[in-house]
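Chemist: model the structure of this input:
(chains A and B)
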Amino acid sequence: MRLVMDEFAHLDSPIHRWEPRCKLLGLVTLMFAFAFVERGWLVPVVLAIALSLYGLSRLPLSFLRSRLRYPGYFLLGVVALLPFCSGQTVLWQLGPVVLRQEGLSAMLLIAGRFLAIVTTGFILLGTTPFLTLVAALRSLGLPPVLADMTLLTYRYLFDLAETLATMKLAMRLRGFGQVPSGDRHRGFSIPFLPRRTDLGNLSALAGTLLIRSYEQSERVYKAMRLRGYGYTPRSGAAPVAQPKTPFSTLDLASMMGLAGAVALAIALLGLGFVPVSFGVPQLTHLLSFR
Amino acid sequence: MHIPDGILPAPVCIGGYALAAPLLGYALRKINRMPDVTEQIPKASLLTAAFFIASSIHIPIPPASVHLVLNGLLGAVLGYFAVPAIAIGLFLQAVMFGHGGLTTLGVNTVLMGFPALVAAWVFRLRHRFGRLGARRADLLFAFLAGAIGLGLAALIFFGLILATIPGGLDAQAERVAVYGLVASHIPLALIEGVFTAMLVGFLRRVKPELLQDPTRSDPSALQPAGQPSKKSTGGRAA
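Modeler: Prediction:
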């Protein structure tokens, strides 16, 4: 598990300079507009939008590639069978393997939407420091309990991951999972069934982690309490401590960026209802899903 | 068991948020009514982080291994805090690793959070079965909470996937797929249940106050989980 964030949040680009609340609203609106895409010919359009935004953000391609790996596999697992079992129109057949048109276009649609949405999401997260993002969410109306919990969870995630790694190492040093399975236990080693001792040891491992975090939380709470946690009126607390500055060109650009993103989203939604009658009929027929 | 971006049609994503909001609102209302919310927040947060990390533990099942979902256990230990904990856990997973997604965050929160809430209710029922003995009741209901947490989530997940994956699949194939997928998750739900029961047994021995329910405002209603209940006669505390 790689717990690294804010790696590229320090770069400088128009997207990095976009005011966090405007950026959050603008990019999330776009992500939802991408999710609404149902017509095949819009897929290249949304991909182009997402990729040009990515280019504008100056994030390195390796960032996107490494982040896409896991969700990409998962998506493949879900949609890979579609072209072979969904639809009536047969495109190509080899023995029992049949490639079907409806399934293929559904797969392309889902994969395209996925790529566009995920890329936009990574632009948002790659260009905004996590704390700024939570502050922006808080000032947009996230309940205080959720904001506090998110920040505290995030703060202690790294600590606890280290604790677990240490405990796992200690377990391995004491022989857990090292000895070949046959000679360790008397009986009870049925395929497809976890061993009772393994389950017991691992539940104790998870339990110890919970207890350690619980005990740590008591110390954390006392320290927070001493520094005044819980004394400000929760409802009236200032959401984001930002110095008041006069309206600048950056603010104007941020607002314009937000307006542009919303306009683009509305345009995409509108285009979703336009029947396609241009271009190569065969191709549009192939790509138009539904 | 997180649905990634792009698979579900947008109305379903929005519907997910529309269901997740009242679910979260309900849990937050219950949380805000607790006598000492500020004290509970750090506890719930650190436990959320611990659950997040603990779900990376892989259980070896001879040829392969599975990782646990732990949403039933989360419900059992955190009560109403399980819903915000799951929302936050899913948000962090989407943000940090791209597991799940931001447009599907609402759907995933309902998918995991609702079963966790049910698991919390189920685990609370153990107080009514004092005559089983406190230990046995704790373990039995922990098993049920764990199994129901995963089982219910799997049912909602496959239901959603099959209801929304574009048509063309014939009804017969669809039914076979549903039965197959549900059947394959029965052993996983059992493993999750056994693991949850074992973990609750461990917590009972080592740190019983972790199993106390913070949403119960009446301290007399709190049963010290490490001791046999007053009503029960045959309780065997470990």
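Chemist: please make it C-alpha for all contacts and neighbour counts, starting now.
Modeler: OK.
Chemist: which strand or helix spans B:Val66?
Modeler: Using DSSP states H and E, B:Val66 maps to strand B:64-67.
Chemist: which of the residues in the helix or strand just after that strand are buried?
Modeler: Using DSSP H and E, the next helix or strand after strand B:64-67 towards the C-terminus is helix B:71-78. For helix B:71-78, burial by neighbour count (16 or more other CA atoms under 10 Å in any protein chain shown) applies to B:Asn71, B:Gly72, B:Leu73, B:Leu74, B:Gly75, B:Ala76, B:Val77, B:Leu78.
Chemist: ok, and the closest non-adjacent residue to the last one?
Modeler: When the adjacent residues along the chain are set aside, B:Leu78 lies closest to B:Ala44, with 6.8 Å between them (CA to CA, 6 or more residues apart in numbering or on different chains).
Chemist: the one you found and B:Phe52: what is the separation?
Modeler: Distance, B:Ala44 to B:Phe52, by CA to CA, to the nearest Å: 12 Å.
Chemist: again, but for A:Pro14
Modeler: Distance from A:Pro14 to B:Phe52, by CA to CA: 34 Å.
Chemist: neighbour count winner among those two?
Modeler: When A:Pro14 is set against B:Phe52 and neighbours are counted by other CA atoms under 10 Å in any protein chain shown, the residue ahead is B:Phe52, at 24 against 17.
Chemist: secondary structure element for the more buried one?
Modeler: Using DSSP H and E, B:Phe52 falls in helix B:37-54.
Chemist: which residues touch that helix?
Modeler: Residues from elsewhere that reach helix B:37-54 (CA atoms under 8 Å, 6 or more residues apart in numbering or on different chains): A:145, A:148-150, A:152-154, A:156-157, A:160-161, A:164, A:206, A:209-210, A:213-214, A:216-218, A:220-221, A:229-230, B:31, B:70, B:74, B:78, B:81, B:85-86, B:89, B:214.
Chemist: ok, the strand holding B:Val66: who's next to it in the sheet?
Modeler: strand B:58-61 (antiparallel) (DSSP bridges).
Chemist: and the helices in chain A, which stretches?
Modeler: A:14-17, A:20-35, A:42-57, A:61-79, A:82-85, A:101-127, A:130-139, A:144-173, A:196-226, A:249-271, A:281-287 (DSSP state H).
Chemist: worst-scoring helix or strand of chain B, pLDDT-wise?
Modeler: Within chain B, no helix or strand scores below strand B:64-67, which has a mean of 76 by mean pLDDT, DSSP states H and E.
Chemist: buried ones in stretch B:43-50, by neighbour count?
Modeler: So for stretch B:43-50, counting by 16+ other CA under 10 Å, buried means B:Lys43, B:Ala44, B:Ser45, B:Leu46, B:Leu47, B:Thr48, B:Ala49, B:Ala50.
Chemist: state the distance from the second one to A:Leu202.
Modeler: Just to be clear, that refers to B:Ala44. 22 Å.
Chemist: count of neighbours near B:Val110?
Modeler: Using other CA under 10 Å, B:Val110 is surrounded by 26 other residues.
Chemist: state the distance from the most centrally placed residue in chain B to A:Leu142.
Modeler: Among the residues of chain B, the one closest to the centroid is B:Asn71, at 2.3 Å (CA atoms, centre = their mean). Relative to A:Leu142, B:Asn71 is positioned 23 Å away (CA to CA).
Chemist: likewise for B:Tyr179?
Modeler: As judged by CA to CA, B:Tyr179 and A:Leu142 stand 40 Å apart.
Chemist: now A:Glu215
Modeler: Distance of A:Glu215 to A:Leu142, computed by CA to CA: 28 Å.
Chemist: still on that earlier bit, which ones are touching the residue nearest to the centre of chain B?
Modeler: Here B:Asn71 is in contact with B:Ala82, B:Ile86, B:Met112, B:Gly113, B:Pro115, B:Ala116, B:Gly146, B:Gly149, B:Leu150 (criterion: CA under 8 Å, 6+ apart).
Chemist: from these, pick the one nearest chain A.
Modeler: Of all the contacts of B:Asn71, the one with the least separation from chain A (CA to the nearest CA) is B:Ile86, at 10.6 Å.
Chemist: could you verify my assumption that that closest one touches B:Leu111?
Modeler: No - contact between B:Ile86 and B:Leu111 fails when scored by CA atoms under 8 Å: they sit 9.9 Å apart.
Chemist: not counting sequence-adjacent ones, nearest residue to B:Leu152?
Modeler: Using CA to CA, 6+ apart and skipping the chain neighbours, the partner closest in space to B:Leu152 is B:Pro115 (5.8 Å).
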